[in-house]
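In: I would like the atomic coordinates for the input below:
(one chain, ligands or ions: 1)
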Amino acid sequence: MSSMSSHCHKTGSSTVTNILFRYGDKRILTFVLGHHHLGWPSRFLASRTLSLSRQPNILCSHTRFKKKPMNWLFPPESSKYVTILRNPVDHFESTFNYYQLGRTFGFGTDPVNSLENFLDRPLSFFNIFNNSYDKNRISFIRNLMTFDLGLSHRYFQNYTAVKNYIKFLNKEFDLVMIMDYFDESLVLLKRLLCWEIDDILYVKLNERKDNEKATRLSGSVQDNIRRWNKADVLLFNYFNATFWKKVEKKGSGFYEDLSAFRERRLKIQKLCFESRTKIELIWGNKYSSSYRESTVCDSTTNNLNSSAKMLCKNLIKSEDSYLDELREKHLAELAPEIAEQTRLMTKLVGMSQKIWGTVFSQNSALP
Ligand SMILES: Nc1ncnc2c1ncn2[C@@H]1O[C@H](COP(=O)(O)OS(=O)(=O)O)[C@@H](OP(=O)(O)O)[C@H]1O
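Out: Down below sits the predicted model:
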């Protein structure tokens, strides 16, 4: 059975991706991979992926949902479509501060003040992105989850269009997980895909440090976030309700699975990272080098056998390191001439992304 996992930003997707990477990597399954990322904020296009030599099994990189090409690669009758959402207040706060939008808008870096200032007059900031080299980031500031799941900005104010789109998504997705109930979500995923408990083990990835978070937002700021991200609120409320209906249908066996999973997860966490503090397991930035992977693992797993060592290492492997490894394995499977063309193309795309990244970071320092 294949799995198509369309990931929304800042919803715990790095952690879910790591689970899917480990599952597919261990069983030598075929991933849909991009030269760099898969074209976001454009909707998914099959032509943006690395060449495939056979029917793929898993797509789990950040993509913007688009039914037709995804159904073509992952026929619904033989695939499971999965995604994950998060409550819109925490989601917006996480997005706003992770991408340092306050700095972009000239409010400095204080996570609470910049958020409050932005919400006082959010519409006046759209032009900053329109005039910037990085127009893509405009998608971060409103209804990002609904946007990632494919709906265009122009419908965000149209209540009927949003409601209809949510009904459409309900038909397309076999499971919509909720990050706020991460363990419950993974147990539903395990049951949907007929996996074992060990297949859903995880370490929380890509968490911000406490001083980067705006905690304890006032009630009125929370209301403003909900008003500004109305489409995301409708989306979340709908799928939060369907989520709990699914759990209810599973009966008491679900909670037995859940406690067995939590027990196993704690055991593995202790085994792999016993002597490590929380801060050492936090990602400052998921695209940073694999420094953490090597330092954390080399010093903690000396006494473990090789398969346990591998598990500990992979549990905290950064998305980019994993992608690099999977791309290499993928290229090794392709015919040499296709592999060479793909390798060249990947290098070119990587170089151009770096150049645009530099141009943007110089520009974004300006108010
Ligand atoms: N297991 C689990 N449980 C609860 N929360 C979790 C979990 N895994 C990741 N996270 C939180 O998800 C946020 C990062 O989301 P993403 O990985 O999707 O971000 S990204 O778009 O790929 O950059 C980030 O939220 P913030 O720390 O609030 O920014 C992570 O802390």
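In: all contacts plus neighbour counts: C-alpha atoms, from now on.
Out: Fine.
In: Quick check: residues of the stretch 51-200 of the chain near the ligand?
Out: Residues of the stretch 51-200 of the chain lying close to the ligand (C-alpha under 6 Å from any ligand atom) are S94, M179, F182.
In: ok, the last one - how many residues close by?
Out: Burial measure for F182: 18 neighbouring residues, criterion other C-alpha atoms under 10 Å.
In: for the helix or strand harbouring it, what is the average pLDDT?
Out: Per DSSP states H and E, F182 falls inside helix 182-193. When pLDDT is averaged over helix 182-193, the result is 98.
In: What residues of the helix or strand just after that helix count as buried?
Out: Remark: after helix 182-193, the chain's next helix or strand is helix 219-228, criterion DSSP H and E. For helix 219-228, the neighbour count (16 or more other C-alpha atoms under 10 Å) marks V221, Q222, N224, I225, R226, W228 as buried.
In: Check Y81 and give its pLDDT.
Out: Value for Y81, per-residue pLDDT: 97.
In: Quick check: T95 vs T146, distance?
Out: Distance, T95 to T146, using C-alpha to C-alpha, to the nearest Å: 14 Å.
In: More neighbours: which of the two?
Out: A direct count of neighbours by other C-alpha under 10 Å for T95 and T146 places T146 higher, at 27 against 18.
In: give the contact list for whatever residue of the stretch 51-200 of the chain ends up closest to the ligand.
Out: Going by C-alpha to the nearest ligand atom, the ligand is nearest to S94 of the stretch 51-200 of the chain, at 4.3 Å. Neighbouring residues of S94 by C-alpha atoms under 8 Å, 6 or more residues apart in numbering: K10, K213.
In: circling back: how about residues contacting the helix holding F182?
Out: With C-alpha under 8 Å, 6+ apart, helix 182-193 has contacts from 1, 80, 175, 177-179, 196-197, 199-200, 247, 254, 257-258, 261-262.
In: Pull out the buried positions in that helix.
Out: F182, D183, E184, S185, L186, V187, L188, L189, K190.
In: Repeat that for stretch 319-336.
Out: For stretch 319-336, by 16+ other C-alpha under 10 Å, it's E319, D320, S321, Y322, L323, L326, R327, H330, L331, L334.
In: could those residues go into JSON lines alongside distance to S61, pLDDT and secondary structure?
Out: Below are the buried residues of stretch 319-336 laid out as JSON lines (distance: C-alpha to C-alpha, whole Å; pLDDT from 0 to 100; DSSP: H, G, I helix; E, B strand; the rest coil):
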{"residue": "E319", "distance to S61": "9", "pLDDT": "88", "secondary structure": "helix"}
{"residue": "D320", "distance to S61": "10", "pLDDT": "88", "secondary structure": "helix"}
{"residue": "S321", "distance to S61": "13", "pLDDT": "89", "secondary structure": "helix"}
{"residue": "Y322", "distance to S61": "11", "pLDDT": "93", "secondary structure": "helix"}
{"residue": "L323", "distance to S61": "9", "pLDDT": "92", "secondary structure": "helix"}
{"residue": "L326", "distance to S61": "12", "pLDDT": "94", "secondary structure": "helix"}
{"residue": "R327", "distance to S61": "12", "pLDDT": "91", "secondary structure": "helix"}
{"residue": "H330", "distance to S61": "15", "pLDDT": "89", "secondary structure": "helix"}
{"residue": "L331", "distance to S61": "17", "pLDDT": "85", "secondary structure": "helix"}
{"residue": "L334", "distance to S61": "20", "pLDDT": "79", "secondary structure": "coil"}
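In: Taking those residues together, which two end up most distant?
Out: Spatially, the most separated pair among these is E319 and L334, at 22.5 Å (C-alpha to C-alpha).
In: quick one: S321 from the ligand, how far?
Out: 14 Å (C-alpha to the nearest ligand atom, to the nearest Å).
In: L50 too?
Out: Distance from L50 to the ligand, by C-alpha to the nearest ligand atom: 21 Å.
In: What is the neighbour count of that residue?
Out: Applying other C-alpha under 10 Å, we find 23 residues neighbouring L50.
In: Now do the same contact list for it.
Out: V32, L33, G34, H35, T342.
In: can you rerun that using 10 Å?
Out: Going by C-alpha atoms under 10 Å, 6 or more residues apart in numbering, L50 touches 31-36, 38, 327, 330-331, 338-339, 342-343, 345-346.
In: so where is the chain shaky, pLDDT-wise?
Out: 130-135, 275-302, 335, 337, 339, 349-367 (pLDDT under 70).
In: quick one: the strands in it?
Out: 2-7, 58-59, 79-85, 175-178 (DSSP state E).
In: Now render these as TSV, adding mean neighbour count.
Out: As requested, those are exported to TSV (neighbours: other C-alpha atoms under 10 Å):
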stretch	mean neighbour count
strand 2-7	24
strand 58-59	24
strand 79-85	21
strand 175-178	23
